[in-house]
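Participant: model the following, please.
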Amino acid sequence: MTDNRRVPTGRLCRPKALLLDFGGVIVLTTKNPAWADELAGHVLALLEARGAVAGLTAAMIAEDIKAGSIADSHWKNAMSRPLAPRELRYEEFWGDFVAADWPAEARDVVVAEAKELCRIMGHARSIRRLRDGMLELLDAADAAGVPVGIVSNALAGQVHLDFLAEHGLAARFAVEVHSDAVGLRKPNPDMIRIAAERLDVPVGDCWYVGDNFDRDVLCGTRAGVGGNILMEAGKTYELPYDLRVRPDAIVADPVGLLDLFVTSLKASAA
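Facilitator: Numbering: from 1, shown residues only. The predicted structure follows:
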């Protein structure tokens with residue numbers, strides 16, 4: 001990417017709502033190296049229970065799950081180019097990306113169970129931990145009367161909701177817009193517009209915070225948010241292609257976002 005993409009514009013409104021990406025902003029993730037084998041074992045047991053193994057082995061299933069995951073990654077990169085991309089359906093992932101060449105009886109089973117299999121896959125694939133400073137940021141937003149929402153791409157947004165429930169955080173967010181639930185995916189600007197509308201806050205008065213350029217900064221630019229903030233995470237600067245977009249601010253983590261938030265509120269009150 002060209003260096004000027006790393007220079008923020010510095011244009012920030014006084015935030016009346018905070019909209020956060022989930023992965024890379026609220027949580028950091030590390031991959032479970034055994035996720036495909038674990039998921040393959042679950043799928044094989046499901047096929048056995050339905051009498052639809054059809055010659056498939058755990059190793060074959062794991063191989064196809066890995067291939068489907070790679071295909072999904074390429075599809076996601078391609079979908080960050082259109083103006084208004086949709087989300088991949090659960091049935092497409094399992095029926096087309098994983099099981100396209102399986103015997104029909106086995107393919108029909110995973111397509112019928114696709115939503116639940118996506119949820120299980122989401123839990124198996126990644127280990128998540130809350131980013132340092134996130135609780136303090138949520139406390140500061142509460143104290144300022146600024147609602148916080150989630151705007152996130154996810155093949156199974158239920159995985160995020162499960163994490164929030166497990167950590168007692170579900171009530172800390174006024175709205176959650178997950179791509180699988182609304183059938184759209186970032187950088188489709190309607191993802192942000194839906195969240196702003198549900199909060200009854202104009203998009204131009206919202207800060208949106210994401211961890212990459214081609215989904216998040218581009219989505220914020222298209223939606224016309226009042227603060228388009230990039231939070232650095234593991235793959236922030238690994239762009240699939242160059243883009244002519246710049247964030248309004250760049251922060252290293254939620255601690256940096258909290259500083260920016262408090263400073264902005266103080267400046268607008270002065």
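
Participant: which other residues reach the biggest helix by length in the chain?
Facilitator: In the chain, taking DSSP state H as the definition, the longest helix is helix 58-78. Applying C-beta atoms under 8 Å, 6 or more residues apart in numbering, the contact partners of helix 58-78 are 36-37, 39-41, 43-44, 88, 93-94, 97-99, 102, 121, 125, 153, 155, 185, 214, 240. (C-beta placed from N, C-alpha, C; glycine too.)

Participant: try it again with 6 Å
Facilitator: Helix 58-78 has contacts (C-beta atoms under 6 Å, 6 or more residues apart in numbering) with 36-37, 39-41, 43-44, 97-98, 240.

Participant: before we move on, what about stretch 211-231?
Facilitator: By C-beta under 6 Å, 6+ apart, the list of residues contacting stretch 211-231 reads 12-13, 21, 24-25, 80, 186-187, 189, 192-193, 203-210, 233, 236, 239, 243, 245, 247-251.

Participant: show only the entries of the residues you listed found in strands.
Facilitator: Filtering those for membership in strands, criterion DSSP state E, returns 206-210, 249-251.

Participant: distance between stretch 168-181 and the chain's centre?
Facilitator: Chain-centre distance of stretch 168-181: 12 Å, with C-alpha atoms, centre = their mean, to the nearest Å.

Participant: got it, and stretch 43-60?
Facilitator: Offset of stretch 43-60 from its chain centre (C-alpha atoms, centre = their mean): 31 Å.

Participant: next, the buried residues of that stretch.
Facilitator: 43-44, 46-47, 52-53, 56 (16 or more other C-beta atoms under 10 Å).

Participant: quick one: buried residues of the longest helix of the chain?
Facilitator: Residues of helix 58-78 classed as buried: 61-62, 64-66, 68-69, 72, 76 (neighbour count, 16+ other C-beta under 10 Å).

Participant: would you list those residues in JSON lines and tack on distance to residue 269?
Facilitator: Output for the buried residues of helix 58-78, formatted as JSON lines (distance: C-beta to C-beta, whole Å):
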{"residue": "61", "distance to residue 269": "58"}
{"residue": "62", "distance to residue 269": "56"}
{"residue": "64", "distance to residue 269": "57"}
{"residue": "65", "distance to residue 269": "53"}
{"residue": "66", "distance to residue 269": "53"}
{"residue": "68", "distance to residue 269": "51"}
{"residue": "69", "distance to residue 269": "48"}
{"residue": "72", "distance to residue 269": "46"}
{"residue": "76", "distance to residue 269": "41"}
